[in-house]
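> The following block contains a protein sequence and its predicted model.
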Amino acid sequence: MSVRCLTKTKLMKHILVAITLLLSLAPTPLDAADKPNVLLICVYDLKPLLGCYGAPTIKSPNIDRLAQRGVLFERAFCNQAVCSPSRNALLTGLRPSSVGIYDLSTHFRKATPDAVTLPQYFRQHGWRTEAMGKIFHVGHGNHEDPASWSVEHWRPTGVQGGGYALKENRPKEMTREEARFSNAKGDVSKLPRGAATECADVPDNTYADGMIADEAIRRLDAAKGRPGEPFFIAVGFLKPHLPFVAPKKYWDLYDRAAFPLPKLRVPPIGAPEFAPTTWGELRQYSDIPEVGPLDDARTRLLIHGYHAATSYMDAQLGRVLDALDRNGLAKNTIIILWGDHGWHLGDHGMWCKHTNYEQAARTPLIVVAPGAAKAGAKTGALVESVDIYPTLCELAGLPAPKNLEGASFAGALNNPAAMTKQAVFHVYPRGQLMGRAVRTTRYRLVEGKKIGDPAAAVPELYDYEADPDETKNLAADQPEIVAQLRAILGKQPEAKPQISIGKKTAAKPASKKPKQDRHAMFAKRDKDGDGRLTREEFLINQPDPGEAPKRFIQFDTNKDGVLSREEFVTGGKNK
């Protein structure tokens with residue numbers, strides 16, 4: 001054989017060795033046996049008011065024992081403190097400010113039709129994806145996302161929005177909230193208001209979360225019979241969202257008189273008037289005044305109700321965890337427990353969510369990842385909801401999609417002291433103003449401004465080491481810190497405006513509406529006859545409580561926090 005042939009043969013051998021080495025280093029599709037299961041627990045309106053987070057009164061033994069199996073995140077934050085945008089962030093990995101959806105009614109695919117959701121991505125890679133209860137927001141005109149699930153999403157019937165067990169709490173027609181969550185047609189504002197709380201001596205599965213747990217247990221039992229098919233099961237509990245309904249035994253866990261009243265019942269000193277919430281969500285209930293603060297008895301009742309509803313949900317979670325263990329699935333299952341946002345429980349004189357403050361934006365997050373997480377650990381690493389999508393991908397051995405805005409925090413699971421990111425970001429709109437927030441380990445800066453107009457930004461600054469209760473807006477006192485945080489916020493893309501759906505068409509001339517007598521409307525709302533409308537007077541019986549606060553800001557042209565007769569009659573427009 002010639003020297004030339006030998007050289008060629010050696011060259012081919014080297015090439016084959018190099019190709020073999022490269023193939024061995026390249027990622028290969030996971031076998032079913034290598035794919036971990038995923039159990040995603042989403043809880044509606046759950047703030048970190050839990051034993052494992054240091055809350056002394058709450059009874060949450062099952063969430064507490066889950067925390068002992070994984071890592072508890074002490075600085076986890078939602079990307080917007082309202083249900084649908086927050087869940088969109090979790091499930092698409094995109095912030096609301098990038099999608100341009102801040103309301104409840106707009107489906108995320110209207111803005112991002114080609115988005116691949118977290119469960120959809122796992123489905124594409126061989127997981128069986130199933131969901132029950134509240135995962136995506138359904139209601140207020142919004143609907144499910146069939147592309148995300150291998151089998152049809154399951155929801156309990158007859159309990160959405162209300163789910164009252166007592167006859168006296170069940171009117172002949174749907175309540176306002178039941179209608180909204182059922183996507184009922186017609187003028188919802190004319191329907192009766194339901195009760196804010198209910199204590200009934202009934203079995204757990206009388207209410208929705210008991211039914212959801214029953215279904216989750218059935219799905220886990222069935223999954224045991226499919227060992228070759230990894231699952232992604234999403235379980236969405238409805239409590240502690242309003243109304244605070246729960247079986248009597250969970251109310252009996254607490255002494256109502258022992259609950260301390262909120263220490264601070266006013267907004268932060270120096271906060272802009274548009275920043276607080278007027279808690280219109282709570283005022284949709286029959287036993288809540290349409291204006292004004294709550295008295296001490298009503299305050300304690302609602303605090304009691306939130307605790308009872310949380311303990312009820314916690315018990316249902318415990319049943320699901322027991323089923324996971326009983327079926328021998330826990331050792332290969334990643335568990336995520338996530339609250340979609342926090343909740344004001346009377347602090348600052350506020351209720352519900354709908355703000356950029358700590359009590360609304362901070363969420364509970366617990367991650368159990370067998371072999372990849374330090375059991376029973378706590379971490380102060382900063383995390384936001386968009387980070388969960390890439391983290392689950394990394395834990396499951398999947399490459400994360402390129403377009404995700406979050407970053408994996410998997411490194412903090414084995415090393416809780418590890419830093420994840422410099423800051424997290426969230427938003428909340430108020431009429432034409434967008435409140436954009438940046439939260440570091442110590443500070444939060446919120447800028448309220450019209451989108452695209454940085455010159456008109458109104459800052460709020462809070463220091464959680466010196467003032468953890470947010471008693472005062474420190475922006476005027478610490479301009480250097482404001483400048484530092486503005487620089488961080490300035491690196492983020494400008495928030496998109498809320499997308500509008502469809503094209504406006506010319507009104508039909510035959511269907512003219514009768515002209516409103518706005519002077520008479522003003523007189524009717526001016527309860528004390530002082531010639532001015534406070535925010536609360538303006539919001540009474542508005543047919544669209546989610547949009548009405550925005551109109552108040554628009555009408556209030558001189559920004560004094562009240563409406564004159566002229567401002568109301570002209571709708572804030574100069575004649």
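Sure, I can see it.
> What pairs with the strand or helix carrying Ala234, parallel or antiparallel?
Per DSSP states H and E, Ala234 falls inside strand 231-237. Looking at strand 231-237 with DSSP bridges, its partner strands are strand 37-43 (parallel), strand 128-133 (parallel).
> What average pLDDT does the longest helix belonging to the chain get?
Across the chain, the longest stretch assigned as helix under DSSP state H is helix 296-326. The average pLDDT within helix 296-326 is 98.
> Stretch 471-487 too?
98.
> where along the stretch 351-500 of the chain do the strands fall?
For the stretch 351-500 of the chain, the strands defined by DSSP state E, counting those that start in this stretch occupy 351-352, 362-363, 365-368, 377-384, 424-430, 433-439, 443-450, 458-463.
> ok so, going back, in the longest helix of the chain, what counts as buried?
Buried residues in helix 296-326, counted by 16 or more other C-beta atoms under 10 Å: 298-321, 323-324. Glycine gets a C-beta too; all of them are placed from N, C-alpha and C.
> relative to strand 37-43, how tilted is that helix?
Here helix 296-326 points in a direction 170 degrees away from that of strand 37-43 (axes from the mean of the first three to the mean of the last three C-alpha atoms, to 10 degrees).
> what's the distance between helix 296-326 and the middle of its chain?
Between the centre of helix 296-326 and the centre of its chain there are 18 Å (C-alpha atoms, centre = their mean, to the nearest Å).
> Which SSE is immediately downstream of that helix?
Criterion used, DSSP H and E; the element after helix 296-326 is strand 333-339.
> what about whatever helix or strand comes next after that next one, average pLDDT?
Moving toward the C-terminus from strand 333-339, the next helix or strand (DSSP H and E) is strand 344-345. For strand 344-345, mean pLDDT rounds to 98.
> List the contacts of the residue nearest in space to the middle of the chain.
Centroid-nearest residue in the chain: Asp340, 2.8 Å away (criterion: C-alpha atoms, centre = their mean). Residues near Asp340 by C-beta atoms under 8 Å, 6 or more residues apart in numbering: Cys42, Val43, Tyr44, Asp45, Leu46, Cys78, Cys83, Ser86, Arg87, Leu90, Thr363, Ser385.
> For Pro61, which of the strands of the stretch 351-500 of the chain is the nearest?
strand 365-368 (13.8 Å; C-beta to C-beta).
> Surely Asp314 and Ser60 touch.
Yes: assessed by C-beta atoms under 8 Å, Asp314 is found in contact with Ser60 at 4.6 Å.
> Tell me, how many residues neighbour Glu273?
If you count neighbours by other C-beta atoms under 10 Å, Glu273 ends up with 16.
> Now it: phi and psi?
Per-residue torsions, Glu273: phi -60, psi -20 (degrees, to the nearest 10).
> related to what we said a few turns ago, find me whatever residue is spatially closest to the residue nearest to the centre of the chain, sequence neighbours aside.
Ser86 (4.5 Å; C-beta to C-beta, 6 or more residues apart in numbering).
> quick one, phi psi at the one you found?
Dihedral angles (degrees, to the nearest 10) for Ser86: phi -60, psi -40.
> Using JSON lines, please lay out the strands paired with strand 231-237 together with mean pLDDT, distance to Ala195 and mean neighbour count.
JSON lines is the format used below for the strands paired with strand 231-237 (pLDDT from 0 to 100; distance: least, C-beta to C-beta, whole Å; neighbours: other C-beta atoms under 10 Å):
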{"stretch": "strand 37-43", "mean pLDDT": "98", "distance to Ala195": "22", "mean neighbour count": "24"}
{"stretch": "strand 128-133", "mean pLDDT": "98", "distance to Ala195": "22", "mean neighbour count": "24"}
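> quick one: low-confidence parts of the stretch 401-550 of the chain?
502-515, 541, 543-547 (pLDDT under 70).
> May I have the phi/psi pair for the closest residue to His125 other than its chain neighbours?
Nearest non-adjacent residue to His125, counting by C-beta to C-beta, 6+ apart: Leu398, 5.8 Å away. Leu398 has phi and psi values of phi -110, psi 140 when expressed as degrees, to the nearest 10.
> surely Leu398 meets Gly126?
No: when contacts are counted by C-beta under 8 Å, Leu398 is not listed as touching Gly126 (9.8 Å).
> Just name the most buried of the strands of the stretch 351-500 of the chain.
strand 365-368 (a mean of 26; mean count of other C-beta atoms under 10 Å).
> mean confidence score for that strand?
98.
> mind listing what it pairs with, with the direction of each?
Here, using DSSP bridges, strand 365-368 pairs with strand 71-77 (antiparallel), strand 333-339 (antiparallel).
> The first one relative to strand 424-430, how many degrees between them?
In this case it means strand 71-77. Using the same axes, to 10 degrees, strand 71-77 lies at 40 degrees relative to strand 424-430.
> For strand 71-77, list the C-alpha coordinates in PDB.
As requested, the backbone C-alpha atoms of strand 71-77 are provided in PDB (Å, rounded to 0.1, in the frame of the first residue of the first chain):
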ATOM      1  CA  VAL A  71     -36.100  25.000  49.100                       C
ATOM      2  CA  LEU A  72     -38.200  27.900  50.200                       C
ATOM      3  CA  PHE A  73     -37.700  31.200  48.400                       C
ATOM      4  CA  GLU A  74     -38.000  34.200  50.700                       C
ATOM      5  CA  ARG A  75     -37.700  36.800  47.900                       C
ATOM      6  CA  ALA A  76     -40.100  35.600  45.200                       C
ATOM      7  CA  PHE A  77     -42.200  38.100  43.400                       C
END
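> Include mean pLDDT when you put the strands paired with strand 365-368 into TSV, please.
Below are these laid out as TSV (pLDDT from 0 to 100):
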stretch	mean pLDDT
strand 71-77	98
strand 333-339	98
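> ok so, going back, show me the one of the strands paired with strand 231-237 that comes nearest Asn332.
Comparing the strands paired with strand 231-237 under C-beta to C-beta, the one sitting nearest is strand 37-43, at 5.8 Å.
> Show me what the very next helix or strand once past the closest one is packed up against.
From strand 37-43 onward toward the C-terminus, using DSSP H and E, the following helix or strand is helix 61-67. Packing contacts for helix 61-67, counted by 3 or more C-beta pairs under 8 Å, 6 or more residues apart in numbering; DSSP states H and E, involve helix 296-326, strand 333-339, strand 365-368.
> ok so, going back, wait, which of the strands paired with strand 231-237 is closest to Lys239?
strand 37-43 (7.9 Å).
> Quick one: distance of that closest one to the chain centre.
Distance, centroid of strand 37-43 to centroid of chain: 15 Å (C-alpha atoms, centre = their mean).
> Which residues does that strand contact?
87, 90, 122, 127, 133-135, 223, 230-237, 239-240, 313, 317, 320, 324, 329, 332-340, 364, 392, 396.
> How about the contacts made by Thr441?
Here Thr441 is in contact with Arg75, Gly380, Leu382 (C-beta under 8 Å, 6+ apart).
> So what's the residue count around Ile58?
21.
> ok, now which ones touch it?
Leu49, Leu50, Gly51, His307, Thr310, Ser311.
> possible to save those as TSV with distance to Asp453?
Below are these laid out as TSV (distance: C-beta to C-beta, whole Å):
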residue	distance to Asp453
Leu49	37
Leu50	40
Gly51	45
His307	43
Thr310	41
Ser311	46
